[in-house]
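**Q** using only what follows, build the 3D model:
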Amino acid sequence: MNSTFPKSLYIILASFGLSFIFNFLFFAKEIGISILIFSTILLGTAFLFGQYQHFRLRRVWWLILPILFFALMPSIRANEFLIFLNLCAILGLFVLLAHEMTGTPTFLMGIADYFIMIVFMPFQMLSRALSTIVSIGQIHNETKNRNAWIRIIKSALMAVPILIIFGALFSQADLAFSKFINSFVAITISERTIQYLILLCFAFVASLSFLSYIFFHNKTRMTPEKPDVAERPGREIEILVFLGLIAVLFLIFIGFQITYLFGGETNIVKAGFTYAEYAHHGFWELVSVAMLSLLVLLASEKYTGAESGNNRFLIPALILISEVIIVIVSAFKRLSLYIDAYSMTELRFYVAGFIILLLVLFILLAVKFIKTKEEHFFTFGTLLSFVAFLIIVNIVNPDSFIATSNLKRYYRTGKIDVLYVGNLSVDAELKKIELYKKLEDKDKETLRRLFQKEKDRLQKSIEWQSTNISRAQALKLLNELEK
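**A** Prediction:
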């Protein structure tokens, strides 16, 4: 029998099993501990296949740990955007895990490698899944008689799910065909059933693609290309002038920041602005400038071949990085002033975190330039920075942080947006109850109605697959509040 046949059959059967488990955990249910359970099962399946193939997963343990951390957080945090970020992180890390096991080591990848991986790897996974399905039919001729029953079982296993899916779709498409099918088997195909089957197909294809990519991939691992060490004196001059002009512009802008933003409210008022207006205006432009500067510096380094130790590039690059850091500090200052004036929101929280992340990336870039590190040093450092950033965000608990910030402002100024705070997720329930006890009249009644609405929703989320610590604690607190 073809040696690929049993492995293909096992992978297909495992993918079917994973797809049914996926639907059992997620279909028509709120996300909760189900993420951790499915991620663990998927990793366990990969581990078992790895043992069967003598393919160890030990070298990717550093990816498995953050996957499990981000998979755990949806059972602790209830903020929808944070759950979305955690899901993106899980998917990205699973793709990276598959790539790490079959391709270039992650710590040797450059920016172009990450781009290629993100764009092309999903298509490669689908192609590998198709090859797995095709290989299931490739049995050597000499086994024709001896393994007839294997052929029959294989065909039946392959046909059953396809027949169910096509039958359901055809029944929905044609009333006469639906009547014909119902004359044999009374089947009621609802919109919910169609949604279930679509999700089942998606889970099967995703699982099959992931497992097939790992265990049927040609394991060719690339080595990093050595940087071009040829001298580029003409390009050095071009970049020195280019970065020098940018640095001058930054210097002029920084002068205005020192005069107005860091110089106090008096200078701003004299110029005809309010402090809040001045703080808010231009914030996004500054963030865009910082991100564009990052690309400019990386491109300039490539253009001059500075990775080979071009010291002439280092000084203007560090000057520009220092100026960009001041611009980032200016953007953070503007945001903090705006938060003081108009309170903390979810968007402002994440933007503040992103600004800090940008600052870390520029420090990392400065280290790269000073130590003349290769490109993969920065790209791998960036990956670790993003992972660390999301871990910290999960630990901080955004909605609780936002509610705490707004409560402090309320105690200081007596102003608070009750509707906004009341609509924060249950991650902030303790702080919302603390606010409720301080409010009076209409504001208290508004928050009470929001609590009742929230309680009704929480009481409907009773499936164990949706288990979430924040939701359970919030329901308990709301029940105690009514006593």
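**Q** quick test: name the residue nearest the centre of the chain.
**A** In the chain, the residue lying closest to the centroid (C-alpha atoms, centre = their mean) is residue 88, at 2.6 Å.
**Q** elements contacting the strand or helix carrying that one?
**A** Residue 88 belongs to helix 80-102 when assigned by DSSP states H and E. Helix 80-102 sits against helix 34-52, helix 61-72, helix 111-135, helix 191-215, helix 375-396, with contacts defined as 3 or more C-beta pairs under 8 Å, 6 or more residues apart in numbering; DSSP states H and E. For every residue, glycine as well, the C-beta is placed using N, CA and C.
**Q** count of neighbours near residue 322?
**A** For residue 322, the count of nearby residues is 14 (other C-beta atoms under 10 Å).
**Q** ah, wrong one, I meant residue 459
**A** For residue 459, the count of nearby residues is 11 (other C-beta under 10 Å).
**Q** contacts only, for it.
**A** residue 475 (C-beta atoms under 8 Å, 6 or more residues apart in numbering).
**Q** cutoff 10 Å now
**A** Residue 459 sits next to 475, 478, 479 when contact means C-beta atoms under 10 Å, 6 or more residues apart in numbering.
**Q** could you identify the helix or strand that succeeds the longest helix anywhere in the chain?
**A** Taking DSSP state H as the criterion, the chain has its longest helix at helix 311-342. Later in the chain than helix 311-342, the nearest helix or strand by DSSP H and E is helix 346-371.
**Q** if we can go back for a sec, what average pLDDT does the helix holding residue 88 get?
**A** For helix 80-102, the mean per-residue pLDDT is 89.
**Q** now residue 287. Nearest residue, chain neighbours left out?
**A** residue 331 (5.6 Å; C-beta to C-beta, 6 or more residues apart in numbering).
**Q** tell me if I'm right that that neighbour and residue 358 touch.
**A** Yes. At 8.6 Å, residue 331 counts as touching residue 358 under the criterion of C-beta atoms under 10 Å.
**Q** any common contacting residues for the two?
**A** Jointly contacting residue 331 and residue 358 under the rule C-beta under 10 Å, 6+ apart are 287, 290.
**Q** for those two, work out which one has more neighbours and name it.
**A** A direct count of neighbours by other C-beta under 10 Å for residue 331 and residue 358 places residue 331 higher, at 26 against 22.
**Q** the domain parsing of the chain - what is it?
**A** 4-215, 233-373, 399-482 (automatic domain parsing).
**Q** dump those into a markdown table; add distance to residue 391 as well.
**A** Putting the domains of the chain into a markdown table (distance: least, C-beta to C-beta, whole Å) gives the following:
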| stretch | distance to residue 391 |
| --- | --- |
| domain 4-215 | 6 |
| domain 233-373 | 12 |
| domain 399-482 | 15 |
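**Q** still on that earlier bit, keep only those of the contacts of residue 459 that are in helices.
**A** Using DSSP H, the contacts of residue 459 in helices are 475, 478, 479.
**Q** can you flag the buried ones in the residues you listed?
**A** 475, 478 (16 or more other C-beta atoms under 10 Å).
**Q** residue 439: which of the ones in helices among the contacts of residue 459 is nearest?
**A** residue 478 (16.1 Å; C-beta to C-beta).
**Q** hmm, the closest one is touching residue 454, no?
**A** Yes. Under the criterion of C-beta under 10 Å, residue 478 makes contact with residue 454 at 7.0 Å.
**Q** element containing residue 24?
**A** helix 4-26.
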